[in-house]
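S.K.: next come a sequence and a model predicted from it.
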Amino acid sequence: MSDLTLRLYHGLPAPARSVAATLHGWYLRWWRYGPDAERLVAEARERERWSAERWRVWREERLAYLLHRAATRVPYYRQQWEARRRNGDCASWEQLEHWPILEKDAVRAQPRAFVADDCDVRRMLREQTSGTTGKPLVLWRSRRTLEQLYALSAARTRLWHGVTGNDRWAMLGGQLVVPVEQARPPFWVWNAALRQLYLSSYHLARELIPYYLDALARYRIVYLYGYASSMTALALEALRLGRRDLRLRVAITNSEPLLKHQRAAIADAFGCPVRETYGMAETVAAASECDAGTLHQWPEVGFIERFADGAPAAAQASGELVCTGLLNPDMPLVRYRVGDSGRVADPTAGCRCGRTLPALAAIDGRTNDLLITRDGRRVYWLNPVFYGLPLREAQIVQEHLERLRVRYSPAPGFSADTAREIVARLRARMGAVAVELEEVAVVPHSAAGKLRAVVCELPADEKAAALARRATAGRGTDGPGARPDTGPSPGPRATEPPLPLISVVIPCRDEEPYIGACLESILGSDYPQERLEVLVADGMSRDQSRDIVARYAVQHPSIRLLDNPQQVTPTGLNAAIRMARGDIIMRMDAHAVYPPHYIPRLVAALRETAADNVGGVIATLPADDTPIARAIAAALAHPFGVGNAYFRIGVTEPRLVQNIPFGCWQRDVFTRIGLFDEEMVRNQDDEFNQRLIQHGGRILLVPDVVSQYYARRSLRQVARMYLGYGYFKPLVFRKVGRVMNLRQLIPALFILSLALTAAASAWIPGARFAFFGIVGAYAAAVLGCAFHTALRHGAACGAAAAAVFPTLHVSYGLGFIRGVWDHTVRRHRRRAAVAVLPQTAGRQAAAVQPRDS
C-alpha cells in the first residue's frame with residue numbers, strides 16, 4: 001500500500017476501515033482459495049504419511065523441474081549461466097551444489113529479473129516481505145501457487161489443532177490497520193471475508209491492552225495467530241487483570257522464535273496449547289508444530305541446506321539455513337540465504353503424532369528487541385520505517401529514551417529526502433525523539449551472521465523509570481497519548497493528601513448471573529480497598545442475588561447489603577446514598593463488570609476537572625452466545641439502534657454530554673440538587689442529569705474508561721425494557737421542561753406516521769404511497785444495518801439484528817406514545833418524588849422545593 005493510499009485509509013472512520021479490510025479480504029480470498037481448495041487440503045494431509053523414500057523421489061523430481069525452469073526461463077539465472085558458459089564453466093545447472101548462494105540484495109535490487117519470462121506480473125499477486133532484516137523485498141506469486149500454499153496452511157496450522165476457516169480468529173501483526181498515533185480504540189479492524197480480527201501490534205501499552213482483551217471476547221475469537229512477543233504482552237496483562245473469560249482453542253505464533261516463558265504465559269492466559277510455526281514471505285521454507293511438540297517441515301515448500309563456515313554442516317550441528325523454494329516456479333529463489341540458523345532432527349526418529357514429515361530440531365530465528373517511548377509505550381514493530389526506501393540494510397538502536405540511532409547502508413537513489421523520511425517515520429511511531437543517522441558500509445551482524453533490525457540498549461534504570469511513568473499515567477486521566485510529567489518530583493507521599501473515601505452504590509434485583517462478577521471486578525480495582533465501601537441495595541430479589549451479596553459481605557467488610565422494599569431503582573439508589581460515608585459517590589450497575597482502572601480514573605477526572613458528574617463508555621456484551629443475544633448487544637452499540645448516545649457508541653476524546661449511565665459525583669451534588677426522583681422507575685439518571693445541568697452542573701464523558709455491560713438475552717426482555725424507557729421519557733421532558741434531543745422523538749413519530757398514513761389511505765390516494773414509502777425506507781435501513789452487523793458478527797447475528805432493530809424502535813415508540821397520554825394528557829398530579837440528602841456533620845444541605853408532577 002502506498003503512503004498516499006495508507007493516509008486515505010487512515011482518514012476513514014473506524015467502521016469504514018473494517019469495510020475496506022473486508023473488501024480487501026474478498027480480494028485475497030479469490031487469490032488464495034479456488035474451486036480445488038478442498039482437494040488440495042486433502043492431498044496435503046495424505047502426503048503427511050508418505051514414506052521417506054517417496055518424499056526423496058518427489059523432491060528430486062520437483063527440484064529438477066525447478067532448476068531447469070530457473071536456468072532457462074528466469075532472466076537473472078539465465079544470464080548468470082550464459083556468462084559462466086562464456087567463461088568456460090562447464091558445471092551442470094542440474095546439480096544444486098553448482099548454483100551460487102543467492103543474497104537478498106540481488107532479489108531486492110531487481111525483483112522482476114527473478115520472474116519467469118513466460119509469466120505476466122499483471123496477472124500475479126504482488127506482495128512484500130515484512131523486512132525483519134531491515135530490507136523488504138517485492139515478490140510475485142501466481143494464483144495457483146497461492147492456492148497450494150494456503151491449502152498447506154489450512155492442513156498444517158488449522159486442522160492439526162481443531163480449527164477451520166469458518167472459525168473466528170485474531171491476527172497480531174505489523175500491518176498499519178490503524179494510525180500509529182491513534183490513542184483511542186479500536187486498535188483493530190474486522191475483516192469479515194476472512195473472519196479475521198486484525199489487531200495492531202503498535203498499541204500494546206499496558207493500559208490499552210484491556211481494550212484488546214475486550215475485543216477478543218466481543219468478537220468471540222476462537223484462535224489467535226501472530227507475533228510471539230505481542231501475544232505474550234496480551235497474555236501477561238490478561239493474567240495480571242485476572243481475565244479468565246478468554247479461552248481459546250489454540251494460539252499459533254509466527255515470525256519470531258517462541259521462548260519457553262512466552263509459551264507458558266500464553267498457555268496460562270488463554271487456557272490453550274501454544275504452537276510455533278516457521279516460515280518467511282519468500283516461501284522457501286516452512287514448518288509447523290504438531291500436538292507432540294515436533295516442528296515438522298513442509299517439504300512441498302522448499303529444500304533446506306545448512307552451512308557452517310562455508311561448508312555443509314554436520315548432521316546434528318547447527319548451521320546457517322540456505323533454502324531453495326519448490327512451491328513458486330514462477331519466481332524461483334535458488335539457494336537463498338534466509339538469515340536464520342538451525343538444526344534438523346534425526347530423520348530416523350519418528351514422531352508420536354504419527355506423521356512422517358521431516359522435522360527441524362531448533363531454529364535460531366531473528367530476535368528483534370522492542371523499544372520504549374518517552375511515555376513508556378512498548379513498540380514491537382518498526383520494520384515499516386524502511387519500507388520502499390533505497391537502503392541495503394538498516395538497524396535502529398536505542399541507547400537513550402530521547403535519542404535513536406539509525407545505522408544504514410544506502411542503496412542507489414538515497415538522498416536527503418530519504419533521510420528526512422526515515423526521521424519522520426520514526427517520530428510518527430516513537431514520538432518527539434532525536435534521530436541520529438549513521439551511514440555505514442555494512443550494518444554490524446551478530447556472531448552467527450544475523451542482522452538485528454531493532455536493538456534496545458537502554459540502561460535498565462532508565463527503561464524501568466519510563467515503564468513506571470507509563471503505569472502511573474495509566475491510573476490518571478492523561479490518557480494513552482499523554483506525555484509523562486518531566487517536572488520536579490512531587491516529594492514524599494507522606495505529604496500528599498489522603499485519597500478520598502469512595503462509596504459505590506449498586507441497585508440490584510434478580511441479578512444472580514451477574515452480581516458476583518460485578519463485585520469481583522470492584523474488589524479487583526486498582527483503587528485502595530481500604531478507601532472503598534460498596535453498598536448493594538437489593539430490591540427483595542427472588543433468586544440467589546441476596547445470598548451471593550451476603551456471602552461477599554461476610555468475606556469483605558467493605559461490602560454492605562441494604563434492603564430496597566420498593567423494588568425500583570431510584571429508591572434503591574437513594575437508600576444507598578443516604579447510608580454512604582464517602583466523599584465521592586459512584587453509581588454502578590449489577591449487570592456490568594468494571595476494569596481495574598475504572599474507579600481511579602473516574603475519581604481523578606472528577607477531582608482534576610470542573611465537571612460535576614463523570615462517567616465512562618459502555619461496551620455492550622451479549623448475555624449468552626445465541627444469535628439473538630449477540631444481535632441485541634450489537635444493536636445497543638449501533639447508531640441505528642441507539643442514535644447518538646455517546647456513552648454507547650463511544651467518543652475519541654473527553655466531551656461534555658447530556659447523559660451518562662453510571663455517574664460519579666462529589667457528595668455535595670446531592671445536597672445541592674437532591675437525590676434521584678423516585679417517580680422515575682426508569683430514566684432516573686436522565687432526569688437527574690438534566691436537573692444537574694439546570695443547576696449549572698457539567699457532565700463529562702471519559703472515553704478511555706470502559707465498563708462491560710451485559711445486554712438482555714431475549715427479544716421479550718429487550719422489548720419490555722425499551723417500552724419502559726419510552727414510557728418514562730415524556731415524564732422526563734415534563735419535569736425538566738424541555739425536549740433534550742430530537743432523536744428521542746423519532747420512534748414515536750415513525751409509529752404515528754405509519755398509523756396516520758395507513759388510516760388516511762382510505763380517503764387520500766397519496767397516503768398509501770407515503771405509507772409504503774415510509775415502510776420501504778425503514779426496511780432498507782434495517783436491512784442495511786443488519787448487513788453491517790453480519791459483516792462484523794456473522795450471518796446468524798445479522799439475521800437476528802433484522803428483528804432486534806424494529807423491536808427496539810417500536811417498543812420505545814409505543815411506550816413513548818403511552819407515556820405522553822399518561823404523563824401529559826391525563827397528567828396525574830402528585831407531589832414530586834425528589835428526595836433530600838439528610839444533613840450530616842460538617843455538611844450543610846440545601847433545601848430543595850418539591851415540585852408538582
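M.R.: Looks like it arrived, so ask away.

S.K.: so which residue is smack in the middle of the protein?
M.R.: Tyr212 (4.0 Å; Cα atoms, centre = their mean).

S.K.: relative to Trp26, how far out is that residue?
M.R.: Applying Cβ to Cβ, to the nearest Å, the value for Tyr212 to Trp26 is 26 Å. C-beta here means a position set from N, CA and C on the backbone, and glycine is covered the same way.

S.K.: quick revisit: the residue nearest to the centre of the chain belongs to a helix?
M.R.: Yes. According to DSSP: H, G, I helix; E, B strand; the rest coil, Tyr212 belongs to a helix.

S.K.: just to check, it is in contact with Met231?
M.R.: No. Proximity of Tyr212 to Met231 does not meet the contact threshold set by Cβ atoms under 8 Å, at 10.5 Å.

S.K.: now the strands for the stretch 1-150 of the chain?
M.R.: With DSSP state E, counting those that start in this stretch as the criterion, the stretch 1-150 of the chain has strands at 125-128, 138-141.

S.K.: okay if I get those as CSV plus mean pLDDT, mean neighbour count and distance to Thr5?
M.R.: Converted to CSV, those look like this (pLDDT from 0 to 100; neighbours: other Cβ atoms under 10 Å; distance: least, Cβ to Cβ, whole Å):
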stretch, mean pLDDT, mean neighbour count, distance to Thr5
strand 125-128, 86, 14, 14
strand 138-141, 92, 20, 16
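
S.K.: what helix or strand is Cys789 on?
M.R.: Rather than Cys, residue 789 is Thr. Assigned by DSSP states H and E, Thr789 falls within helix 765-793.

S.K.: which residues of the stretch 1-150 of the chain score low on pLDDT?
M.R.: By pLDDT under 70, the low-scoring segments of the stretch 1-150 of the chain are 1-4, 130-136.

S.K.: ok, 80 please
M.R.: Applying pLDDT under 80 to the stretch 1-150 of the chain flags residues 1-7, 128-136.

S.K.: next: the stretch 201-350 of the chain.
M.R.: In the stretch 201-350 of the chain (pLDDT under 80), the answer is 205-206, 229, 255-257, 259-261, 308-310, 315-318, 339-341.

S.K.: and the chain, what are its domains?
M.R.: Annotated domains of the chain cover 33-130+138-167+222-302, 371-461, 498-825 [automatic domain parsing].

S.K.: Gln316 is nearest to which of those domains?
M.R.: domain 33-130+138-167+222-302 (15.1 Å; Cβ to Cβ).

S.K.: hmm, back to that, next, format the strands of the stretch 1-150 of the chain as JSON lines and append distance to Tyr722.
M.R.: Converted to JSON lines, the strands of the stretch 1-150 of the chain look like this (distance: least, Cβ to Cβ, whole Å):
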{"stretch": "strand 125-128", "distance to Tyr722": "48"}
{"stretch": "strand 138-141", "distance to Tyr722": "52"}
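
S.K.: nearest to Gly572, out of those strands?
M.R.: The closest of these to Gly572 is strand 125-128. By Cβ to Cβ, the value is 59.4 Å.

S.K.: neighbouring strands - and their directions - for that closest one?
M.R.: Strand 125-128 sits in its sheet next to strand 138-141 (antiparallel), going by DSSP bridges.

S.K.: looks like Ala592 contacts Ser707 (just checking).
M.R.: Yes. The pair Ala592 / Ser707 is scored as a contact, 4.8 Å apart, by Cβ under 8 Å.

S.K.: find the residues that touch each one of the two.
M.R.: Common neighbours of Ala592 and Ser707, using Cβ atoms under 8 Å, 6 or more residues apart in numbering, are Ile618, Phe662.

S.K.: SS state for His809?
M.R.: helix.

S.K.: what's the answer for the one 4 residues further on, then?
M.R.: Taking three-state DSSP as the rule, one finds Gly813 in the helix state.

S.K.: beta partners of Leu404?
M.R.: Beta-bridge partners for Leu404, by DSSP bridges, are Gln398, Val435.

S.K.: number of residues surrounding it?
M.R.: When neighbours are counted by other Cβ atoms under 10 Å, Leu404 registers 22.

S.K.: I figured it hits Leu426, correct?
M.R.: Yes. Between Leu404 and Leu426 there is a contact under Cβ under 8 Å: 6.1 Å.

S.K.: so what sits against both of the two?
M.R.: Shared contacts of Leu404 and Leu426 (Cβ under 8 Å, 6+ apart): Ile396, Val433, Val435.

S.K.: looking at the residues you listed, which has the most residues close by?
M.R.: Counting by other Cβ under 10 Å, top hit in these: Ile396 with 27 neighbours.

S.K.: so that one sits against Leu426, correct?
M.R.: Yes. Taking Cβ under 8 Å as the definition, Ile396 is a contact partner of Leu426 at 7.3 Å.

S.K.: same list, the domains of the chain, but as TSV with distance to Ala16 please.
M.R.: Output for these, formatted as TSV (distance: least, Cβ to Cβ, whole Å):
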stretch	distance to Ala16
domain 33-130+138-167+222-302	24
domain 371-461	22
domain 498-825	11
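
S.K.: deepest in the core, which of the ones you listed is it.
M.R.: Of those, the one with the most neighbours on average (mean count of other Cβ atoms under 10 Å) is domain 498-825, at a mean of 19.

S.K.: how near is the residue of the chain most remote from its centre to Glu97?
M.R.: Most distant from the centre of the chain: Gly88, at 60.1 Å, with distances by Cα atoms, centre = their mean. Look at Gly88 and Glu97: by Cβ to Cβ, they are 19 Å apart.

S.K.: now swap in His695 and tell me
M.R.: Here His695 is placed at a distance of 87 Å from Glu97 (Cβ to Cβ).

S.K.: just Val549 next, same as before
M.R.: Going from Val549 to Glu97 by Cβ to Cβ gives 76 Å.

S.K.: Ala748 too?
M.R.: Distance of Ala748 to Glu97, computed by Cβ to Cβ: 83 Å.

S.K.: surely Pro257 is in contact with Ile363?
M.R.: Yes. Look at Pro257 against Ile363 with Cβ under 8 Å: they come within range, at 6.4 Å.

S.K.: one step back: for the residue nearest to the centre of the chain, give me its contacts.
M.R.: Phe187, Trp188, Leu199, Leu204, Leu234.

S.K.: likewise for Leu326?
M.R.: Applying Cβ under 8 Å, 6+ apart, we find Leu326 in contact with Arg59, Arg62, Leu63, Leu66, Pro299, Glu300, Val301, Gly302, Phe303.

S.K.: okay, the nearest residue to Ile396 once chain neighbours are set aside and Gln398: tell me how far apart.
M.R.: Spatial nearest neighbour of Ile396, chain neighbours left out: Val454 (5.1 Å); criterion: Cβ to Cβ, 6 or more residues apart in numbering. Distance from Val454 to Gln398, counting by Cβ to Cβ: 8 Å.

S.K.: cool, and Leu326?
M.R.: Taking Cβ to Cβ, one finds Leu326 at 40 Å from Gln398.

S.K.: then Val534?
M.R.: Distance, Val534 to Gln398, using Cβ to Cβ: 44 Å.

S.K.: next: Ile751.
M.R.: 62 Å.

S.K.: ranges for the strands of the stretch 651-800 of the chain?
M.R.: Taking DSSP E, counting those that start in this stretch as the test, the strands found in the stretch 651-800 of the chain are 655-656, 664-666, 699-710.

S.K.: again but with the stretch 301-450 of the chain, I slipped
M.R.: Taking DSSP E, counting those that start in this stretch as the test, the strands found in the stretch 301-450 of the chain are 302-308, 311-312, 319-325, 336-344, 359-364, 371-372, 378-379, 391-400, 403-410, 434-439.
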